[in-house]
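Chemist: Dropping a prediction and its sequence here:
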Amino acid sequence: MEDAGVRILVSSSEMAVVGLTEVLSRLRVITRAYLKLRTILKHDHPDLLILIDYPDFNIALAKGAKRFNVPVLYYISPQVWAWRQGRVKKLVDRVDRMAVILPFEEGFYRQKGLDVEYVGHPLLDAMPQDLSKENALRELGFKATFPILGLLPGSRKEEIKNLLPAMVKGVEIMSSRYPHIRCILPLAPTISREAVAPITEPSPVEIKILEGDIYKALKACDIALVTSGTATLEIAMAAVPMVIVYRVSPISYWIGRMVIKVPHIGLVNLVAGEEIVPEIIQNEVSPERLAREALSILEDGQKRENMIRKMEALRERMGKGRPSERTARIALEMLARH
């Protein structure tokens with residue numbers, strides 16, 4: 001957005017947290033941002049408020065928009081179909097139109113009374129269609145050794161702290177069987193090289209850290225270890241076998257178990273409607289377990305092929321053509337009416 005000319009008032013990296021108890025550490029920053037934006041809604045009266053994901057903050061902000069007669073477009077739905085479905089009523093009351101990116105969301109929200117349109121997933125716009133593994137390896141300066149493993153530890157500092165050490169140790173265990181194993185770690189925009197270097201640099205395994213070019217990195221990989229989130233869909237779109245990893249504070253996990261109503265934590269499995277890739281959660285997360293799951297996929301050709309085939313089928317389901325353009329068109333329609 002900043003590259004496109006948007007004036008950034010509060011950086012998302014300052015507000016990004018994972019888990020319920022973890023929010024407390026950023027509460028002051030989040031509250032200050034909310035009050036700043038609400039003041040803009042009141043005094044500047046924008047022609048349109050576009051909310052993107054970040055549900056608790058944005059649903060509260062939508063209340064202010066409703067009060068000050070600012071129309072609201074919500075892009076990328078809160079996962080109310082997974083937990084806290086009571087938020088749907090607030091969305092119906094406060095949101096004028098919603099653009100959703102997962103195929104099952106349109107029917108869910110329309111049944112609740114929202115003006116909703118399924119636009120397709122924005123990952124479809126971002127992913128290059130003609131990049132081969134050979135070209136990706138060459139452009140990254142990698143030889144075609146086996147295996148090349150992707151490490152995607154998340155876009156939040158807490159995720160790096162909770163999960164990257166176990167991922168790196170897991171790769172070191174795998175290196176006893178595959179001495180030529182190499183890793184690629186594409187950094188999320190919210191994570192600096194300095195945040196991961198203390199964990200990766202002491203490792204005897206070569207870990208290449210990349211800033212940007214996530215799709216090129218994925219195309220070069222034979223398998224990936226990935227934190228639960230949007231990255232699981234990115235990897236599925238690239239048809240790269242993966243193991244999903246997830247761990248938060250014990251209190252956050254306990255509360256989550258009480259309220260979350262879906263059978264899987266990985267978006268790729270939720271959209272597929274079945275567990276097509278393994279999920280290693282909370283106390284199950286260990287270097288040994290990660291290494292064992294990754295090796296079982298690398299060394300079982302049938303298992304690997306089944307996973308790739310199901311991810312390719314998932315990609316077909318996700319496509320509806322130019323999702324970002326479709327969403328922009330909705331915004332322009334709302335601006336014209338306003």
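Modeler: Ah, there it is.
Chemist: Any idea how many residues pack against the residue nearest to Ser228 when sequence neighbours are not counted?
Modeler: Distance criterion C-beta to C-beta, 6 or more residues apart in numbering; nearest residue to Ser228, sequence neighbours excluded, is Tyr246 at 4.1 Å. C-betas here are computed from N, CA, C, even on glycine. For Tyr246, the tally of surrounding residues (other C-beta atoms under 10 Å) stands at 23.
Chemist: Please report phi then psi for Tyr246.
Modeler: Recorded main-chain torsions at Tyr246 are phi -150, psi 130, according to degrees, to the nearest 10.
Chemist: Just list whatever residues bridge to it.
Modeler: Using DSSP bridges, the bridge partners assigned to Tyr246 are Ile281.
Chemist: Look up how far His264 lies from it.
Modeler: Separation of Tyr246 from His264 (C-beta to C-beta, to the nearest Å): 10 Å.
Chemist: can you map out the helices along the stretch 51-200 of the chain?
Modeler: 55-67, 87-94, 105-112, 123-126, 133-140, 157-174, 193-200 (DSSP state H, counting those that start in this stretch).
Chemist: most neighbours per residue, which of the ones you listed?
Modeler: helix 157-174 (a mean of 21; mean count of other C-beta atoms under 10 Å).
Chemist: Contacts made by it with the rest, please.
Modeler: Helix 157-174 is contacted by residues 16-19, 22, 147, 149, 151, 153-154, 181, 183, 191, 195-196, 199-200, 203-205, 207, 225, 227, 245-248, 285-291, 294-295 when judged by C-beta atoms under 8 Å, 6 or more residues apart in numbering.
Chemist: Mind doing that once more with 6 Å?
Modeler: 18, 22, 151, 153, 181, 183, 195, 199, 203, 205, 225, 227, 245, 247, 285, 287, 290-291 (C-beta atoms under 6 Å, 6 or more residues apart in numbering).
Chemist: Buried ones among those?
Modeler: 18, 22, 151, 153, 181, 183, 195, 199, 205, 225, 227, 245, 247, 285, 287, 290-291 (16 or more other C-beta atoms under 10 Å).
Chemist: thinking again about what came up before, give me the subset of the contacts of helix 157-174 that lies in strands.
Modeler: Those of the contacts of helix 157-174 mapping onto strands are 151, 183, 225, 227, 245, per DSSP state E.
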